[in-house]
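Chemist: I would like the atomic coordinates for the input below:
(one chain, ligands or ions: 1)
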Amino acid sequence: MKETGSFKILYMEDDPGLGRLFQKRLSRLGHRVTLAADGGEGLARYHEYSFDVLVIDYQMPVLDGLQVLRKLGENGSLPPVIMLTGAGTEEIAVEAMKIGATDYIVKDVDNKYFEVLPLVIKDAVQRYRFEEEKRRMQKELERSNKELQQFAYVVSHDLKEPLQTIRGFAKFLEENYHQQLDDQANEFIGYIIDGTKRMERLVNGLLDYSRVRFKKTEPEPVDCNVLVEQVKQDLKGIIDSRKARVTHDPLPTVLGDERLLLRLFLNLIDNALKYCKDRPPEVHVRAEAKKDFWQFSIKDNGIGIDPRHVERIFVIFQRLHPRKEFNGDGLGLAICKKIVEIHKGDIWVESEPGQGSTFYFTIPGGE
Ligand code: ADP
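Modeler: Residues are numbered from 1 along each chain as shown. Reported below is the predicted structural model:
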C-alpha cells in the first residue's frame, strides 16, 4: 500500500476563482492539483494522467458531474471520487454515491467546505487504499491456496510411480534373493519395504487431502442427526468392541456438502473413540445456535491434549503419539480443518491432559 500523505488530485470546477483557491490551499498541504474547467477537459485529463482522487463539481456546463462520473465509470474501476453538490440537492449526492462516488460535500456560499475538503480527500484515499489492499490480499490468498492444492495433487500423484518401482524391486529382492543375501541385507530390505509402505500411505493421504473440496455447485440442506447416526453405524465395530457410548442432542439441519460433513463427524468421533485408554469411551455431540452460526461440539472422556499442542494437531501429518501407541497418519484433523474452512467456519479444541477433549466447529446458519 502506498503510504503517502501527498495526493495527485484532479479537480473539475467551472468557476476559475474557486479552482485557483482550491489549488492554492491543497498545494500548501503538499498535494498536486490539476484543474479542469469542465467535464470534457476533466475526462481528457483523467485519461492522460493517473490520479489518486477526483473532485468533481456537480454544476458544470455541457456535462454535469453525474454525467462525467457515468462516463468515467464506463472505463472500469475508478479512484476515489468526491462529488461537490449545491445545497438542497441531496438526491444528486445519493445518485452520485450509487454510480460510484466515494463521498460528497455540500458547497456553501462562504466556502467553508474548503476547510473539510482536505480531510474528506485524505479519508477517501485511505479507505480506498485499504479496500484495494484487502482485495489484493484476498486474491493472493485464493491464488496461493489454489497453487498449494495443485502442488499437493501433482506431487502426490507423481510420487506414486517411482515409489511403486522401489517397492516392487525391494519385494523382488526379498522373494528371489533371500537365500543369496546375508541376514543383515535381508533385514535392510525389510526396512526398505516398511518405509515404502509408510510413504505410500503418506502420499495417498496427501492426495486425499488435496482432493477435499466442495463438489456441489450449491450447498444443500444436511440433517446432522442423520450424519451422526450414519457415523455410529460406520463405527459400530469399534463402538461395540470398546463398549463405547456415542450420544447426541437434537442437531440442526445446516447448509453444506453432505459428503464432507459426514467425513468431518466421522474423523472427530473416530478420534474421540481412539484416543481413549483404560475406560469405555463416552462421546457426546451437541450443537448450540449462536447469532449467525451453529457451534457444534464433540466431547470425549479420553486422554486429553496438552494445551501447548492444540494448534499443531490441525496441521497435516502432525501427531502427538508414536504409531505403536495409537495408529494413524496425522491427516484426520487437517482434513476436518479444510472441510470446516470450505464451509466458512472455524475449528478448535479445548482440553487438558487426562480430562478428555472437546472439539468445536462452527458452520454458518443458526437462529
Ligand atoms: P491421527 O489420529 O491419524 O494421528 P489426526 O489428525 O486425526 O491424526 O490427529 C492428530 C493428533 O491429534 C493425534 O495424533 C492425537 O495426538 C491428537 N488427537 C486428535 N483427536 C484427539 C482426541 N479426541 N483426544 C486426544 N488427542 C487427540
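
Chemist: tell me the domain ranges of this structure?
Modeler: Listed by automatic domain parsing, the domain ranges of the chain are 8-111, 145-214, 220-364.

Chemist: and those as a markdown table, adding mean pLDDT and mean neighbour count?
Modeler: From N, CA and C alone the C-beta is placed, and that goes for glycine too. Shown next, in a markdown table, are the domains of the chain (pLDDT from 0 to 100; neighbours: other CB atoms under 10 Å):
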| stretch | mean pLDDT | mean neighbour count |
| --- | --- | --- |
| domain 8-111 | 91 | 17 |
| domain 145-214 | 90 | 14 |
| domain 220-364 | 95 | 17 |
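
Chemist: including distance to residue 136, could those domains go into a markdown table?
Modeler: Output for these, formatted as a markdown table (distance: least, CB to CB, whole Å):
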| stretch | distance to residue 136 |
| --- | --- |
| domain 8-111 | 13 |
| domain 145-214 | 15 |
| domain 220-364 | 21 |
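
Chemist: just the C-alphas of whatever helix or strand residue 229 lives in, formatted as PDB.
Modeler: Counting by DSSP states H and E, the element that carries residue 229 is helix 224-234. Only the C-alpha atoms of helix 224-234 are listed here, as PDB (Å, rounded to 0.1, in the frame of the first residue of the first chain):
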ATOM      1  CA  CYS A 224     -26.800 -33.600  11.200                       C
ATOM      2  CA  ASN A 225     -28.800 -36.100  13.200                       C
ATOM      3  CA  VAL A 226     -28.700 -38.400  10.100                       C
ATOM      4  CA  LEU A 227     -24.900 -37.800   9.800                       C
ATOM      5  CA  VAL A 228     -24.100 -38.800  13.400                       C
ATOM      6  CA  GLU A 229     -26.400 -41.900  13.100                       C
ATOM      7  CA  GLN A 230     -24.600 -42.800   9.900                       C
ATOM      8  CA  VAL A 231     -21.200 -42.400  11.700                       C
ATOM      9  CA  LYS A 232     -22.400 -44.600  14.600                       C
ATOM     10  CA  GLN A 233     -23.300 -47.200  12.000                       C
ATOM     11  CA  ASP A 234     -20.000 -47.000  10.200                       C
END
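
Chemist: after it, which helix or strand is next?
Modeler: Using DSSP H and E, the helix or strand that directly follows helix 224-234 along the chain is helix 236-242.

Chemist: by contact count, what packs against that following helix?
Modeler: Helix 236-242 sits against helix 258-274, with contacts defined as 3 or more CB pairs under 8 Å, 6 or more residues apart in numbering; DSSP states H and E.

Chemist: quick one: contacts for residue 36?
Modeler: Contact analysis of residue 36 by CB atoms under 8 Å, 6 or more residues apart in numbering lists 10, 11, 12, 13, 42, 44, 45.

Chemist: what do you get if the cut-off is 10 Å, keeping everything else the same?
Modeler: Listed by CB atoms under 10 Å, 6 or more residues apart in numbering, the contact set of residue 36 reads 10-14, 19, 42-46, 54, 56-57, 60, 68.

Chemist: so what's it bridging to?
Modeler: Under DSSP bridges, the beta-bridge partners of residue 36 are residue 12.

Chemist: run the angle between the host helix or strand of residue 286 and helix 224-234 for me.
Modeler: Element membership for residue 286, per DSSP H and E: strand 282-289. Strand 282-289 runs at 160 degrees relative to helix 224-234, counting by axes from the mean of the first three to the mean of the last three CA atoms, to 10 degrees.

Chemist: give me the sheet partners of strand 282-289 and which way each runs.
Modeler: The strands beside strand 282-289 in its sheet (DSSP bridges) come out as strand 245-248 (parallel), strand 293-299 (antiparallel).

Chemist: minimum distance to the ligand: which of the domains of the chain has it?
Modeler: Closest to the ligand of these, according to CB to the nearest ligand atom: domain 220-364, at 2.3 Å.

Chemist: after the helix or strand encompassing residue 144, which helix or strand is next?
Modeler: Secondary structure assignment for residue 144, by DSSP H and E: helix 113-176. Using DSSP H and E, the helix or strand that follows helix 113-176 towards the C-terminus is helix 183-210.

Chemist: does anything pack onto that following helix? Which helices or strands?
Modeler: If contacts are counted by 3 or more CB pairs under 10 Å, 6 or more residues apart in numbering; DSSP states H and E, helix 183-210 sits against helix 113-176, helix 332-342.

Chemist: what's the first one packed up against?
Modeler: It refers to helix 113-176. When contacts are defined as 3+ CB pairs under 10 Å, 6+ apart, helix 113-176 packs onto strand 8-12, helix 16-28, strand 53-57, strand 81-85, strand 103-106, helix 183-210.

Chemist: can you give me the angle it makes with helix 16-28?
Modeler: Angle of helix 113-176 versus helix 16-28, following the same axes, to 10 degrees, is 50 degrees.

Chemist: and the closest residue to residue 18 other than its chain neighbours, which of the three is it?
Modeler: Excluding the flanking residues, the one nearest residue 18 by CB to CB, 6 or more residues apart in numbering is residue 111, at 7.4 Å. Under DSSP: H, G, I helix; E, B strand; the rest coil, residue 111 falls in the coil class.
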